[in-house]
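Trainee: Fold the following.
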Amino acid sequence: MGMFDHIKCNVKLPKKANFVKSDDHEYQTKDLDCDCSSYEIRQEGLFGPDGKIENHPSEIDFYDSNTVMYANGYSFTRDGEDDEFVSYKAVLSDGKLSTIILDEYTSEVSLSSSDYWRLEKELPKPVKNQFVIPGIGQEFFRAFGSPGSFGFSLEKLILVAITDKDICYRDSNGRLGVVEVSFSHSLFNSKHELAAFDDAMKERYQKIKERLAGMLADKVAARSQK
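Mentor: Numbering: from 1, shown residues only. Predicted coordinates:
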């Protein structure tokens, strides 16, 4: 998401999300300095820690969401409440607040983060074969990203030297590099071994995704019957 600033609004908002329980709620904005500073919108204008700010944008977008995590193509909230996102636009003129506009509001049925972690335990990850350090001059493979996930790739390496802590290699472009022995979980002895582990991870990913879809469907159905 990058850096942002915190901002409060002591003016009545056009609509409040259900997760906003206080008039002192802090939203986020990327329209100011983006250094985690704190601001406040009042009818008299924009204020910072040192008082009123005169030099500011004429429009300030601020927003928030109760999403606590994303996984397997779904978003999750803390206790399974609806996943909400709300965004406002504050319009300032002549140093004062002119109006606040509801820019966007979405609400979707969601599951709790504990639902996801329960599935993680019920469907344990496949066990990776232990990496066996090859001989000098022999090839091995390093995985980038997480097998079974988007953006996963591999790189063929040639062993150059080995110490108690480090594995020294040469990549396909002839460049030398080092990977710590303790990070051997990302190393594989063959493409076949890596592909098999990747397939097993993808199968697990799909099972979790299907279980989550079913849980969401049940929740929607139960709500519609009330």
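
Trainee: Please make it C-alpha for all contacts and neighbour counts, starting now.
Mentor: Will do.

Trainee: Could you list the domains of the chain?
Mentor: As recorded under automatic domain parsing, the domains making up the chain are 5-111, 139-224.

Trainee: What is the end-to-end distance of the longest one?
Mentor: I take that to be domain 5-111. Taking C-alpha to C-alpha, to the nearest Å, domain 5-111 runs 28 Å from one end to the other.

Trainee: give me the element A213 is part of.
Mentor: Per DSSP states H and E, A213 falls inside helix 191-224.

Trainee: which other helices and strands contact that helix?
Mentor: Here helix 191-224 touches helix 113-122, going by 3 or more C-alpha pairs under 8 Å, 6 or more residues apart in numbering; DSSP states H and E.

Trainee: shaky segments in the protein?
Mentor: By pLDDT under 70, the weakly predicted segments of the chain are 1-2, 146-152.

Trainee: How far does the helix holding A213 sit from its chain's centre?
Mentor: Centroid displacement of helix 191-224 relative to its chain, using C-alpha atoms, centre = their mean, to the nearest Å, is 18 Å.

Trainee: before we move on, what about stretch 23-34?
Mentor: On C-alpha atoms, centre = their mean, the centre of stretch 23-34 falls 19 Å from that of its chain.

Trainee: Can you tell me which of the domains of the chain is nearest to E120?
Mentor: domain 139-224 (7.7 Å; C-alpha to C-alpha).

Trainee: Touching, P126 and A200? I think so.
Mentor: Yes: between P126 and A200 there is a contact under C-alpha atoms under 8 Å: 6.4 Å.

Trainee: These two: which has the busier surroundings?
Mentor: A200 (18 against 13; other C-alpha atoms under 10 Å).

Trainee: Next one: the more buried one from E210, what distance?
Mentor: Distance from A200 to E210, by C-alpha to C-alpha: 15 Å.

Trainee: Quickly note the distance from F62 to A196.
Mentor: Counting by C-alpha to C-alpha - F62 and A196 are separated by 46 Å.

Trainee: Those two: which is more packed in?
Mentor: Taking neighbours as other C-alpha under 10 Å, F62 and A196 compare with F62 leading, 22 against 13.

Trainee: report the longest strand in the protein, please.
Mentor: Criterion DSSP state E: the longest strand present in the chain is strand 96-108.

Trainee: what helices or strands is it leaning on?
Mentor: Counting by 3+ C-alpha pairs under 8 Å, 6+ apart, strand 96-108 packs on strand 45-48, strand 83-93.

Trainee: which residues touch that strand?
Mentor: By C-alpha atoms under 8 Å, 6 or more residues apart in numbering, the residues outside strand 96-108 that reach it are 13-15, 41-46, 82-92.

Trainee: Then stretch 57-76?
Mentor: Counting by C-alpha under 8 Å, 6+ apart, 7, 19, 27-32, 77-78, 83-93, 110-113, 205, 208-209 sit against stretch 57-76.

Trainee: Could you check which helix or strand contains the residue positioned nearest the centre of the chain?
Mentor: The C-alpha lying nearest the average C-alpha coordinate of the chain belongs to Y70 (C-alpha atoms, centre = their mean; 5.7 Å). In this structure, Y70 sits in strand 67-71 according to DSSP H and E.
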